[in-house]
Each structure stands twice: as C-alpha cells, then as structure tokens.
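A.B. asks: give me a 3D structure for the following:
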Amino acid sequence: MEPWFKAIVFPGFLFLLIVFLLIFYLERKILADVHLRTGPYYVGKWGLLQTTADVFKLLQKEFIIQRRANKLLYSLIPFVAFLMVTIIIAFIPFSKSSHVVSTSFDLLIVLAIVTSMPPIFFYAGWASKSKYSFIGGLRVVNQMISSEIPIWLSALAAAVFYGTLNHIEIVEKSSWLSFLVLLPAFFIFTVATLIVTDRPPFDIPEAEQEIVYGFLTEYGGFNYALLILSKLIELFGLYALAVTLFLGGFKGPFLPGIFWFLLKILALYFFTFVLRASTPRIRMDQLLRFCWQILTPFALLNLIFIIFVKMLLS
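C.D. replies: Numbering: from 1, shown residues only. Purely as a prediction, here's the structure:
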C-alpha cells in the first residue's frame, strides 16, 4: 500500500474514525445492557447512527472562548493532543504489512509519546483560566505520571523478554510461553492503561460531582470533540500496544491477521465497558496510594522476574 493510503485510509484517520464510532456505540449498548436499559435505539437501525448524530451536533456548536482564557493555548492544545496520540497508531502493526512506520525503536517512541501527554492535558486546563479546569489539569498530571511508571516497567519487561523494541519482531517472536511468562506484566499494563486514560473507576480528573468536568469544563464544540477523541485514541493506542506486546498481535489461525488483532482489542474494550458499568469512582488519594505502593512495586518485581527468566532461557 502507498504511504498516503496508510496514513489517510488504513490504518490511518478514516479507519480510526469508523472504529471509534463503532466502539462508542458498543460502549453505550453494553453499559445499557449491564444496567438493564435500552441504550441508543431510535436514530438509525438499532440506534447505529446515534453516535454519528452526536458528532455532527458537536461540530455545529459555536466555538466560544471565555474572556480570561489564554486564547492561543486554548485553541492550539486540542490539535496538539490529537496529533500526538495519532502518532502512536502509526507504529502499531495491525497485520504484517498494515503499519505506517516500522523502526528499530517502535516501543521506545510510543512510550515517549505517552509520557509527553500529561503536560498537554494540564495546559488544556490551565489555559482555560477556570479553577475547575485548573484542578482537573493538576489531577491529570498526578494521575498520569503515577501510572506511566508501571506502563514503562511492564512494557520494558516485554522488551527484555523478546530482546527487541520493534513491534513486528515482537509479534513474530510471541508464543504461548511468552504469553504465560508475561501475563503479570499484561495485567499491570492493562490496569495502568485504564488509569493513564482516565477510564472508570479512575476517571478522577473529570469528576463532575466535584469539579464540574475537570480540564474539559470550558471546552465545547469542535475543540471538545478533539480532546475527547484524543483520549479515546490514546486508549485505543495503548490497548493496541498491549495486544502487540502480550497477546500475540495479529497472530491467529485461519483468518486474516487484522481480524485477530481487532478481536483482541475488542475483548479488552469489553472488559473496560463492564468495569465502567459495575464499579464506582475511587478517590485521588486511594489512586495514588494504589499506584505508588502496589502497582509500581509489583511492576518492578515483575521486571526482575522477567530478567531472571530470560537468563534461565538463554
């Protein structure tokens, strides 16, 4: 495939847009099913067009900047956030040939991009010049930094075990043995991903009962849609990375690799939706204590364990 086709169509922007419309619809339907509700029903067959209608509604809203806001940062941050997280997708191999970029340092680049996101979301809150947005921005920094360390350590465990940072090589070297050895790292990575992307029960920066809507409070219309899409793409990118590192990526019998890759991501999303529907939000102090006293030490011990296993196998 031509590079422009990969960047724009598959696995580029149009592919991501279709995926997110379907994922958002599935989230609403699964939440409704767990809560014994109907969910989207009237707009399109089985409510399939409800999310599309919501997107068009957001795009038609007036672009408003409050008087005290830093107009340049307020307008620029959503585009920067969207650009940064979409770069993550460029390094994900959906099949052996379906990737935009492949380098010897794929994993390192993706983790570096994830690490650069806390300041962007903090400035989204700071530039709004609202106390609720500012508090939400501080919570984002606290939460994301605390959970990025377990993400790095668990991803590093996979890199140490496979002996490479290239995503395609990692998938090709994966096996049932690697899955079993890296299972603790996979659980740590998945939990840390939910925290870093503010997914329930860790949606503390957007706690509407406490700080209205966190760093998103003053955003509306197209800018709001970009920031929400950035968060969704970040979750999709990290889940795609989890599938690549721990679940064999595009490997699978009989059917095309892209089918297996998307099926594994869908399984992770199903877990995410059920967790959201069945658990209450925790407090910030509980989250920080969990990250620093439980998740990070376990991730460090797991890395030591992987190094020991690697020494035995070599």
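
A.B. asks: quick one: mean pLDDT over stretch 226-235.
C.D. replies: The average pLDDT within stretch 226-235 is 87.

A.B. asks: so what touches it?
C.D. replies: 16, 20, 23-24, 77-79, 81-82, 84-86, 88-89, 114, 117, 124, 193, 196-199, 216, 219, 272 (Cβ atoms under 8 Å, 6 or more residues apart in numbering). (Glycine included, C-beta is placed from N, CA and C.)

A.B. asks: separate out the buried members of those residues.
C.D. replies: 16, 20, 23-24, 77-78, 81-82, 84-86, 88-89, 114, 117, 124, 193, 196-199, 216, 219, 272 (16 or more other Cβ atoms under 10 Å).

A.B. asks: for stretch 287-295, what is the average pLDDT?
C.D. replies: Stretch 287-295 comes out with an average pLDDT of 93.

A.B. asks: now do stretch 307-314
C.D. replies: What stretch 307-314 shows for mean pLDDT is 89.

A.B. asks: list the buried residues for it?
C.D. replies: Residues of stretch 307-314 classed as buried by neighbour count (16+ other Cβ under 10 Å): residue 309.

A.B. asks: same question, stretch 241-260
C.D. replies: So, applying 16+ other Cβ under 10 Å, buried residues of stretch 241-260: 241-252, 257-258, 260.

A.B. asks: how many residues are close by residue 195?
C.D. replies: 23 (other Cβ atoms under 10 Å).

A.B. asks: please name the nearest non-neighbouring residue to it.
C.D. replies: residue 147 (3.7 Å; Cβ to Cβ, 6 or more residues apart in numbering).

A.B. asks: spit out the contact partners of the one you found.
C.D. replies: Shown in contact with residue 147 (Cβ under 8 Å, 6+ apart): 192, 193, 195, 196, 291, 295.

A.B. asks: try it again with 7 Å
C.D. replies: By Cβ atoms under 7 Å, 6 or more residues apart in numbering, residue 147 lies in contact with 192, 195, 196, 291.

A.B. asks: make a markdown table from these and add distance to residue 230 and secondary structure to it.
C.D. replies: Formatted as a markdown table, these follow (distance: Cβ to Cβ, whole Å; DSSP: H, G, I helix; E, B strand; the rest coil):
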| residue | distance to residue 230 | secondary structure |
| --- | --- | --- |
| 192 | 18 | helix |
| 195 | 17 | helix |
| 196 | 13 | helix |
| 291 | 22 | helix |
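
A.B. asks: residue 268 against residue 240, yeah?
C.D. replies: No - under the criterion of Cβ atoms under 7 Å, residue 268 is not in contact with residue 240, lying 9.3 Å apart.

A.B. asks: need the pLDDT of residue 64.
C.D. replies: Reported pLDDT for residue 64: 79.

A.B. asks: give me the nearest residue to it, chain neighbours excluded.
C.D. replies: Counting by Cβ to Cβ, 6+ apart, the nearest residue to residue 64 once its immediate chain neighbours are dropped is residue 220, at 6.0 Å.

A.B. asks: what's the spacing between the residue nearest to residue 195 and residue 294?
C.D. replies: Between residue 147 and residue 294 the distance is 12 Å, computed by Cβ to Cβ, to the nearest Å.

A.B. asks: for residue 120, same thing?
C.D. replies: Distance of residue 120 to residue 294, computed by Cβ to Cβ: 27 Å.

A.B. asks: and residue 264, by the same measure?
C.D. replies: Look at residue 264 and residue 294: by Cβ to Cβ, they are 26 Å apart.

A.B. asks: show me which of these two is the more surrounded one.
C.D. replies: Neighbour count, other Cβ under 10 Å: between residue 264 and residue 294, residue 264 has more, with 22 against 13.

A.B. asks: which ones are touching the more buried one?
C.D. replies: So residue 264 contacts 243, 247 (Cβ under 7 Å, 6+ apart).

A.B. asks: swap in 8 Å and give it another go.
C.D. replies: If you count contacts by Cβ under 8 Å, 6+ apart, residue 264 has them with 243, 247, 248.

A.B. asks: how far is the helix or strand hosting it from where the chain is centred?
C.D. replies: Assessed by DSSP states H and E, residue 264 sits inside helix 257-278. Relative to its chain's centre, helix 257-278 lies at 12 Å (Cα atoms, centre = their mean, to the nearest Å).

A.B. asks: now the protein, which segments are flagged as low pLDDT?
C.D. replies: Scanning the chain for pLDDT under 70 picks out 1-4, 207-213.

A.B. asks: rewinding a little: higher neighbour count, residue 268 and residue 240?
C.D. replies: Set residue 268 next to residue 240 and count neighbours by other Cβ under 10 Å: residue 240 wins out with 25 against 20.

A.B. asks: wait, doesn't the more buried one sit right on residue 85?
C.D. replies: No - the pair residue 240 / residue 85 is not scored as a contact, 11.6 Å apart, by Cβ atoms under 8 Å.
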